[in-house]
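Asker: take this sequence and fold it.
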Amino acid sequence: MAAGLVLAVLLLPIDGAAADPQPTLAQARAKLTKLNNQADKVVDRYNLANERYKKAKKKYDQLNGSLKRQESTVEGLRRDLVGMARTAYQGGDMVTWQGLIGREDPEEALGGLAALSQLSAERSRSLDAFDEATRTLRGQRDAAKTAYGEADEVLGDVRKQKSTVERLVKEQTKLLRRLGTYQTGNPNSAGQKYTGAASGNGRSVLQFAYAQIGKPYVFGGTGPGGWDCSGLTQAAWRAAGVSLPRTTWEQWSWGAQRRVSLDDLQPGDLIFSNGLGHVGIYAGGGNMVHAPQTGDVVKVTSLDAYGRGSLVGAVRP
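Answerer: Numbering: from 1, shown residues only. Coordinates of the predicted model:
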């Protein structure tokens, strides 16, 4: 089902003509949960599309740089060829057949022939290099055009995803405010100190994540003043010297050989929800620290409160 249609279905009981103007708190929370789940998935698609765009743009920039260097090389070769032609012309009968034919000294004639042969060989090599550089230049130009087309296509994807996310976030924010549960958070929050039993990388990860507690959830957020779920997990593990991909889907795929059972969790493990719409960090004691959703803040939540049945698995980076 298209995101827009899902959104319309979710919001119809609230904004539709036949809607109950005063839905019960339970009804509103149920609709909010559905909207949050939908928003999580759209946000992650947005992040993934944005990452693909940045990679394609980087590829284009690199090829464009190579193209400019190739143009400089070709221009240099062209100047060399012009210089050789000028030298041959200015040398007059020293290196021309007409000059050689009229010479009485055989050694001088042979020397002139050798000079002419050397010049011819140098010209040939330069022409070969020119041709090769031209072929490379054409290939670089074609590759650059392809990369640019890919970047432009991905950018269109990003814009569509962003539009969908912004529409969902707007409606979600409206619903949260109506419930009186919207939290703006504090981008400058000092967070909390982690005092659990984690060690090694896990401790570094959780120290970083706990220092973000109280900061707002921001879709597409990578800090330092706001985070989305995968932005927080990526930054926390970066603080421990481990490089994770950007999105939830990519982090799950990256951890294919590092997956662990939910019954064998250790502090610092990444915990993923069904559908891979959300990821958090196991903090020990049956809790996880995460950036939940729009209208909420980075916080610690018990796995029971979050819903163990909604979890699909875990990764130990």
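Asker: name the SS class of residue 288, please.
Answerer: strand (DSSP: H, G, I helix; E, B strand; the rest coil).
Asker: residue closest to the middle of this protein?
Answerer: residue 51 (2.5 Å; Cα atoms, centre = their mean).
Asker: got the phi and psi for the closest residue to that one other than its chain neighbours?
Answerer: Leaving aside its sequence neighbours, residue 51 sits nearest to residue 246 (Cβ to Cβ, 6 or more residues apart in numbering; 4.8 Å). For glycine as for every other residue, the C-beta is placed from the backbone atoms N, C-alpha and C. With angles defined as degrees, to the nearest 10, residue 246 sits at phi -80, psi -40.
Asker: for the one 3 residues further on, same thing?
Answerer: Summarising the backbone geometry of residue 249 under the convention degrees, to the nearest 10, its torsions are phi -60, psi -50.
Asker: and it, what does it touch?
Answerer: Listed by Cβ atoms under 8 Å, 6 or more residues apart in numbering, the contact set of residue 249 reads 44, 48, 276.
Asker: pLDDT wise, what is it at?
Answerer: Looking at residue 249, its pLDDT stands at 91.
Asker: distance of it from residue 266?
Answerer: To residue 266, residue 249 is 23 Å away according to Cβ to Cβ, to the nearest Å.
Asker: give me the beta-bridge partners of residue 260?
Answerer: residue 314 (DSSP bridges).
Asker: and it, how far from residue 269?
Answerer: 6 Å.
Asker: and residue 19, what's its pLDDT?
Answerer: So, for residue 19, pLDDT stands at 44.
Asker: what is in contact with residue 260 and residue 269 at once?
Answerer: In the contact map built from Cβ under 8 Å, 6+ apart, the residues linked to both residue 260 and residue 269 are 314-316.
Asker: list the buried residues of stretch 226-242.
Answerer: 226-237, 239-240 (16 or more other Cβ atoms under 10 Å).
Asker: same check on stretch 252-262?
Answerer: For stretch 252-262, by 16+ other Cβ under 10 Å, it's 252, 254-255, 260.
Asker: centre of the chain to it, how far?
Answerer: Centroid displacement of stretch 252-262 relative to its chain, using Cα atoms, centre = their mean, to the nearest Å, is 21 Å.
Asker: rounded mean pLDDT for it, please.
Answerer: 97.
Asker: follow-up on the earlier one: ok, and the most crowded of the contacts of residue 249?
Answerer: Highest neighbour count within these: residue 44, with 26 neighbours (other Cβ atoms under 10 Å).
Asker: pretty sure that one contacts residue 247?
Answerer: Yes. Between residue 44 and residue 247 there is a contact under Cβ atoms under 8 Å: 5.4 Å.
Asker: now do the shared contacts for those two.
Answerer: With Cβ under 8 Å, 6+ apart, residue 44 and residue 247 have common neighbours residue 230.
Asker: low-confidence stretches in the chain?
Answerer: 1-25, 28-29, 33, 77-78, 80-124, 126-127 (pLDDT under 70).
Asker: which strands or helices does the helix ranked longest in it pack on?
Answerer: Taking DSSP state H as the criterion, the chain has its longest helix at helix 106-179. Applying 3 or more Cβ pairs under 8 Å, 6 or more residues apart in numbering; DSSP states H and E, one finds that helix 106-179 contacts helix 3-15, helix 25-90, helix 97-101.
Asker: next secondary structure after it?
Answerer: helix 200-210 (DSSP states H and E).
Asker: who are the packing partners of the helix or strand just after that next one?
Answerer: Next along the chain after helix 200-210, taking DSSP H and E as the criterion, comes helix 229-238. If contacts are counted by 3+ Cβ pairs under 8 Å, 6+ apart, helix 229-238 sits against helix 25-90, helix 200-210, helix 248-254, strand 279-284.
Asker: need the ones you listed in JSON lines (columns: distance to residue 296).
Answerer: Compiled in JSON lines, those are given as follows (distance: least, Cβ to Cβ, whole Å):
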{"stretch": "helix 25-90", "distance to residue 296": "9"}
{"stretch": "helix 200-210", "distance to residue 296": "15"}
{"stretch": "helix 248-254", "distance to residue 296": "17"}
{"stretch": "strand 279-284", "distance to residue 296": "12"}
